Every structure is written in C-alpha cells, then in structure tokens.
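**Q** quick one: sequence plus predicted model below, questions after.
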There are 2 protein chains.
Amino acid sequence: MDSKYFTIYNEIVSKIENGKLESSTKLPSENELMEIYNVSRDTIRKALTLLERNGYIQKIKGKGSFVLDIHKFDFSVSGLTSFKELSERMDAKSNTILAELEVIKADDYLMKQLDLSKDEDVWKVIRVREIEGKRIILDKDFLNKKFVSLLTREICENSIYEYLENDLGLKISFAKKEITVQQITEEDKKYLDLEGHTMIVVVKNYTYLEDASLFQYTESRHRPDKFRFVDFARRKH
Amino acid sequence: MDSKYFTIYNEIVSKIENGKLESSTKLPSENELMEIYNVSRDTIRKALTLLERNGYIQKIKGKGSFVLDIHKFDFSVSGLTSFKELSERMDAKSNTILAELEVIKADDYLMKQLDLSKDEDVWKVIRVREIEGKRIILDKDFLNKKFVSLLTREICENSIYEYLENDLGLKISFAKKEITVQQITEEDKKYLDLEGHTMIVVVKNYTYLEDASLFQYTESRHRPDKFRFVDFARRKH
DNA sequence: AAGTGGTCTAGACCACTAT
DNA sequence: TAGTGGTCTAGACCACTTC
C-alpha cells in the first residue's frame, strides 16, 4: 500500500496531466485539502512538496498553490526515464534491436565505472534504437551480475528497467548523469545511421540502488541532430 | 534569519564538502541529531531530506544516513549555477567579454520565449566566455525590462545573477533547461573560436521568479568539445 | 529486543497577501 | 483582519535492520 501523501500526490498529478486542472489554476488551500482528503496538514504538505519539487505546482506564501504548465512538451532524457517510456510518450515508430548480450569480466574501464574489483562478472548489453526507420541511438548497458543473475533476449528487447523493478524487486533510488559530445567511434559507425555526422552525444548514466550501491552503468550514444534533453531544476532549498 | 533546518543543512553540507565527513560515513541517527542541535525530530528530518534531495546523503531505513561521494568532480552546467560560479570552481583562467548590451522591442521569437506581448522592452545582453585564451561559450541573455530597469557594463562583466539576487532582491525559484545540438550560425562564427567545429551545443534556459513569472531567457552556446553537463536525479518520490 | 528511518497526527506561532 | 503557506514542536505507531 502506498502512503496517504503519495496517493494524494498521484491523484493531483493525474488531474494536472489530464487537463482537469489547468495551468495557473489555484489549488484548494491546505486547510481545505485537509478536509477534502480527511488527513492532517502535514500529510497534505508532503503531497504538495512533492508536486512542487517535480515541477507541477508553485506555492506562494500568502496566496496559495498554483498549477504550472512546465510539463507540456517534454520529450526528455531527463530523470530516470527509460527509452521505452520515452518512445511511448512521443508515440513515434520506434524499435529496439538487440545487438550483443553476454557476460564479461570487468576490464579496467568498467572496474572504474562500476566500482568493481578485478574479474567480477558483468552483463554487457548493446542495443540499437530505431526511430522511424533510422538507427539513431546506441545504448550500451553494463550491469553488475551480483544483482542480476539472469538476463534474456526477451527482457532486453522489452525493458530491462521494468524487469529489474517489477520482477527482481530491485529498487532504484538515484542516478548520476553526464552529457558530453565526442568524436564518433568505429562502433558508432557500425551500428548507427550517422548520415555524415562526425560527432555524437554521449550520455553516461550511473544508476544506484536504495542502499546506495552502484549497480548499472549505461552509455547512451545519440545522433546529435536527434538529441534533446529537458530538465526542470529548483533552487537548492 | 535562515530557518533552523536550513542552518543545520548548511552546516552538514560544508562538513561534507570540506571532507570532515567522508563518503560512506554514517551520520548520527535522527534521535542523536535532535540532541546535538537541540531541535525536534521534524526539523532534523527537514534538513536530512534536503541533503538527500541534493545528493549529499542517502537514508536507509533501519540503518541510518550515509554520506555519498557524488559531488566529487562536478564541473557542471547543472541546476541554476552561473558561469561565474562555474569558472571559480574549476579555477581555469576565464574571462568575460561583453559584446552587446541594449534594450530592444520583443520580436516574435522573444515574445514566445519570454511570454511577452508585442513591443514590450527587453534587455539583450551578449557575452563571450573565454577559457584559457579561447572563446568557447556564447551567452545570449534576454531579460524582461519590467523586472530589471537598469543594467550596466560593470554588472554584465561581473555576474548579472548576483546583481539580480543581491541588489534587486529578485528571488529566483526554478528554471527549465533544454539541451540540443545544432548547426553553427554566422553569429557563432563571428564570436567564437570554433576550430573547425560545425555544430554547437545549445542550452536554452527559462528562469522563473518565486511568483512563477518568467523573467529571463538565456541561450548558452557551447563549443561541443568543451561542453559537459552533470546531473543528479532522484526517483520522483 | 533495541535502534533506525517513514508516516501520520494535532497544535502552535510566524510572515506574507489580500481586503 | 482573515486567510495563506512556512516553521517548529511533541508524541504515536509502523517496517526494517541488527543483535
């Protein structure tokens, strides 16, 4: 069972995403929400704080809470969103090709990226993402085998993310992401339709579990003309 | 006066950044912190929640709160960080050249970006960022004149951001950022040392005040080989 | 069984915005 | 002056980890 405040948060999120609550609408006051949902003020405030943090509303002292319209056109690589979710949201014709799937021993580079000791086993998954018939994105995933004992073709062709969360019950807590632009490699040429581009956008992603253990390193290589990243950032307090 | 929880947050942040609290150290429990700082549990929890949200610690149920080492090598364009803060942090030799400073009437493009009506006044500031003698970044700032009546050469050569916050008392609340890669323009050629590069990383930034009014649009154009963006993202609950 | 963080409640006072 | 969100307190119960 989800917590009360998370249930309330989700109800309001879906009202905003459905358009039942339009942007710049004023939400009921905290006191009114207490009565509506029959909970304490603290519970309401937890829900509103979440909404604010995730860019759905803005609270203004003395005035109230107002719906923002930031989330309108967000095809983003942001947060922890996976490719599958992205392509569903933008409903372009997309397709995943599994290029490589094997267990390897960690080399020096991976030992550094995944914080491993020598010769530990690592899943290596290479997938090519096709959008409207063009091979646009190259995803290289490396997963610590300690956490994931089995990985099949089916899983990789669907969503590894969903498998980890739903079937294995792994709880992803946070991720660190780095975006740079680099010269293309032979591997990029082999797998992607570069159409003359000589540079590639590299998104490195380090994924951590709830106990702060680093278990996945992903390198997502995007053709520059098709790359877009959207981010919502609040001040740090 | 800052709030209690924010003071406690800042104390712990500086201990982590000074290295007085090393990574994977366990913080005192919430009960102990209550006694140390002589506050209620809720106040401690607010401080810890902030620390967790900003990537300094990880809380683990039943175990405790642990210091993360995510912030080690972060030369990033992340959050609301300004160029001045960035260059100070990375202490490379950097320099700002003010190329243009004027008041213009909003054209169609700006009306859209800044949510203005026709013919409203807008500050246009173009600055070139030099790093180690090379002109690497082109910053184009557009500020709604309604909020900023005066802007001088000195201010632009230092930090507009500091001027807005400290002198004008404008409170920046959140920002939306978009990163794409585009073909260079004549303007890029004119102002930057492109060294053969034909593409440029474009960071569009929409900055909002505490009352959710959009007051600044910034386009930051980075030479691709010198661009790096680092982001820390927690799950959305 | 003892200690930890997670949720929820009820009540108080404050600073800001509207009127 | 009334209503709003922001901070702080004190106490309760829960689920999880460790012993």
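**A** That came through, no problem.

**Q** hang on, A:K176 in a strand?
**A** Yes: remark: A:K176 belongs to a strand, assigned using DSSP: H, G, I helix; E, B strand; the rest coil.

**Q** is it true that it touches A:A212?
**A** No: under the criterion of C-beta atoms under 8 Å, A:K176 makes no contact with A:A212, lying 11.7 Å away. In short, each C-beta sits where N, CA and C put it, glycine included.

**Q** does A:T96 count as helix, strand or coil?
**A** Applying three-state DSSP: A:T96 is strand.

**Q** surely it and A:R127 touch.
**A** Yes: if you go by C-beta under 8 Å, A:T96 and A:R127 touch, sitting 5.5 Å apart.

**Q** give me the more crowded residue out of those two.
**A** Taking other C-beta atoms under 10 Å in any protein chain shown, A:T96 and A:R127 do not tie; A:R127 has more neighbours (21 against 18).

**Q** contacting residues around the more buried one?
**A** The contact partners of A:R127, by C-beta atoms under 8 Å, 6 or more residues apart in numbering or on different chains, come to A:96-99, A:138-139, A:141, A:156.

**Q** which one of those is nearest to A:Y206?
**A** Closest approach to A:Y206 among the contacts of A:R127 (C-beta to C-beta): A:D141, at 11.9 Å.

**Q** measure how buried the closest one is and give me the count.
**A** By other C-beta under 10 Å, neighbour count at A:D141 equals 22.

**Q** so where's chain A shaky on pLDDT?
**A** By pLDDT under 70, the weakly predicted segments of chain A are A:70-92, A:236-237.

**Q** show me where it has its strands.
**A** A:57-60, A:64-67, A:94-105, A:121-131, A:134-144, A:172-183, A:199-209, A:214-222, A:228-234 (DSSP state E).

**Q** right, so of those strands, which gets closest to A:S29?
**A** strand A:64-67 (6.0 Å).

**Q** do that closest one and DNA strand C meet?
**A** No: Strand A:64-67 is not in contact with DNA strand C by C-beta under 7 Å from any atom of the strand; minimum separation 9.1 Å.

**Q** does chain B sit close to that strand?
**A** Yes: using C-beta under 8 Å from any C-beta of the partner chain, strand A:64-67 reaches chain B at A:F66.

**Q** same for that strand, what does it pack against?
**A** Applying 3 or more C-beta pairs under 8 Å, 6 or more residues apart in numbering or on different chains; DSSP states H and E, one finds that strand A:64-67 contacts helix A:41-53, strand A:57-60.

**Q** what would these look like in a markdown table with distance to A:F227 and mean neighbour count?
**A** A markdown table is the format used below for the helices and strands packed on strand A:64-67 (distance: least, C-beta to C-beta, whole Å; neighbours: other C-beta atoms under 10 Å in any protein chain shown):
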| stretch | distance to A:F227 | mean neighbour count |
| --- | --- | --- |
| helix A:41-53 | 26 | 18 |
| strand A:57-60 | 29 | 21 |
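
**Q** closest one to DNA strand D among the ones you listed?
**A** When these are compared by C-beta to the nearest atom of the strand, strand A:57-60 sits nearest DNA strand D, at 4.0 Å.
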